[in-house]
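Q: predicted model, plus sequence, below.
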Amino acid sequence: MIDPKALTTLHCTLDGAIATITLDRPEVLHALNSTMFDELEHLFTTLAADPAIRVVLLTGSGDRAFAAGADIRALAETDAVSGRANAERGHQVLALIESHLERAGKPVIAAVNGVALGGGCELALACTLRIASDKARLGFPEVKLGLIPGYGGTQRLTRLIGRSAALRIMLSAQFVDATEAFRLGLVDELVPAAELLPRARALAETIASMAPLAVAGVLEAVHRGEGHPLSEALHAEAEIFGRLCATADKHEGVTAFLAKRPAVWHSR
């Protein structure tokens with residue numbers, strides 16, 4: 001159960017099968033701190049277990065920032081031990097998006113409404129899909145602070161856009177605008193600022209209208225195949241395909257298609 005009054009750094013609204021999480025620390029452009037990590041962890045875990053929720057949207061309040069990064073004042077007090085613990089905490093929370101929610105068959109769509117820098121960009125990278133406003137800017141300024149991206153950025157960015165492009169962004173600490181981010185594949189769609197949330201919502205509704213077990217199956221197949229030889233990945237795909245062939249949703253989907261009527265899904 002989500003108690004909105006217990007949240008201090010973000011908001012969560014439920015509308016049908018879609019949950020929207022909004023980062024809300026506008027005074028620091030939604031910089032990630034320990035409280036926000038705790039609240040994100042609570043929400044991701046709760047939403048993963050809620051059978052009514054099919055898709056999660058993640059964005060920042062206002063139009064200036066998705067998330068500006070880690071809380072620099074907190075980082076200033078870290079040493080080797082606390083710094084590593086901070087990075088591992090970030091890994092733990094962001095992994096909930098990729099592992100817990102995706103394995104529950106619930107993709108997460110980042111609506112990048114402004115700057116997404118450092119930890120904020122890492123948060124967007126952990127999401128299943130990314131839609132950006134034409135006013136968005138993304139990047140990793142950590143080397144200017146004597147640091148590296150510590151919430152998974154060195155790994156997720158490289159896997160997403162390739163080694164050379166990722167290194168150029170991280171080593172130069174230069175921000176990329178929305179057009180360049182789209183060209184690189186850092187974001188999946190680019191839309192005018194006024195259309196960002198409506199477009200993200202429309203995509204979420206489209207995904208939520210599909211067969212629940214099939215959506216979960218796609219996410220599982222991609223997850224299980226990553227980093228493995230093609231033969232092993234294809235074996236996993238065939239296993240999932242066969243499993244779905246025995247479900248009520250497959251029977252309903254095929255029957256509805258042949259009858260030229262909308263499908264009514266029953267599985268969750």
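A: Yes, it's here.
Q: and the strands in this protein?
A: Along the chain, the stretches classed as strands by DSSP state E are 10-15, 18-23, 55-60, 65-67, 108-112, 115-117, 129-133, 137-139, 176-177, 189-191.
Q: does anything pack onto the fifth one? Which helices or strands?
A: What that stands for is strand 108-112. Applying 3 or more CB pairs under 8 Å, 6 or more residues apart in numbering; DSSP states H and E, one finds that strand 108-112 makes contact with strand 55-60, strand 65-67, helix 119-126, strand 129-133, helix 196-208. Every C-beta, even on glycine, is put in place using the N, C-alpha and C of the backbone.
Q: turn these into TSV, columns for distance to V264.
A: What follows is these, written out as TSV (distance: least, CB to CB, whole Å):
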stretch	distance to V264
strand 55-60	19
strand 65-67	36
helix 119-126	33
strand 129-133	26
helix 196-208	14
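Q: which one of these lies closest to I2?
A: Nearest of the helices and strands packed on strand 108-112 to I2, taken as CB to CB: strand 55-60 at 12.1 Å.
Q: what comes up buried for stretch 253-266?
A: Across stretch 253-266, burial judged by 16 or more other CB atoms under 10 Å covers 253, 263, 265.
Q: can you check stretch 163-176 too?
A: Under 16+ other CB under 10 Å, the buried positions of stretch 163-176 are 165-166, 169-170, 175-176.
Q: tabulate the residues you listed (TSV), appending pLDDT and distance to I207.
A: Shown next, in TSV, are the buried residues of stretch 163-176 (pLDDT from 0 to 100; distance: CB to CB, whole Å):
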residue	pLDDT	distance to I207
A165	98	28
A166	98	27
I169	98	29
M170	98	31
F175	96	30
V176	97	27
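Q: what is the burial count for D3?
A: Close neighbours of D3, defined as other CB atoms under 10 Å, add up to 9.
Q: domain ranges for this protein?
A: According to automatic domain parsing, the chain comprises the domains 4-208, 212-259.
Q: how far off centre is the last one?
A: Yep, that's domain 212-259 we're talking about. Domain 212-259 has its C-alpha centroid displaced from the chain centroid by 22 Å (CA atoms, centre = their mean, to the nearest Å).
Q: quote the end-to-end distance of that domain.
A: Start-to-end span of domain 212-259 (CA to CA, to the nearest Å) is 20 Å.
Q: so for it, what's the average pLDDT?
A: For domain 212-259, mean pLDDT is 96.
Q: now the strands of the chain as JSON lines including distance to G83?
A: Formatted as JSON lines, the strands of the chain follow (distance: least, CB to CB, whole Å):
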{"stretch": "strand 10-15", "distance to G83": "24"}
{"stretch": "strand 18-23", "distance to G83": "23"}
{"stretch": "strand 55-60", "distance to G83": "25"}
{"stretch": "strand 65-67", "distance to G83": "20"}
{"stretch": "strand 108-112", "distance to G83": "26"}
{"stretch": "strand 115-117", "distance to G83": "19"}
{"stretch": "strand 129-133", "distance to G83": "27"}
{"stretch": "strand 137-139", "distance to G83": "21"}
{"stretch": "strand 176-177", "distance to G83": "26"}
{"stretch": "strand 189-191", "distance to G83": "35"}
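Q: grab the nearest non-local neighbour of A65.
A: Excluding the flanking residues, the one nearest A65 by CB to CB, 6 or more residues apart in numbering is L29, at 3.8 Å.
Q: mind putting the buried residues of stretch 253-266 in JSON lines, distance to E237 included?
A: Below are these laid out as JSON lines (distance: CB to CB, whole Å):
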{"residue": "G253", "distance to E237": "18"}
{"residue": "A263", "distance to E237": "22"}
{"residue": "W265", "distance to E237": "22"}
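Q: mind listing what G150 touches?
A: When contacts are counted by CB atoms under 8 Å, 6 or more residues apart in numbering, G150 touches 70, 83, 86-87, 90, 119, 142.
Q: next one: V218
A: Per CB under 8 Å, 6+ apart, neighbours of V218: none.
Q: kindly report the same for G225.
A: 232-234, 236-237.
Q: burial of the closest residue in space to A165 that isn't next to it in sequence, as a residue count?
A: Distance criterion CB to CB, 6+ apart; nearest residue to A165, sequence neighbours excluded, is L184 at 5.5 Å. Residues within reach of L184, counting by other CB under 10 Å, total 18.
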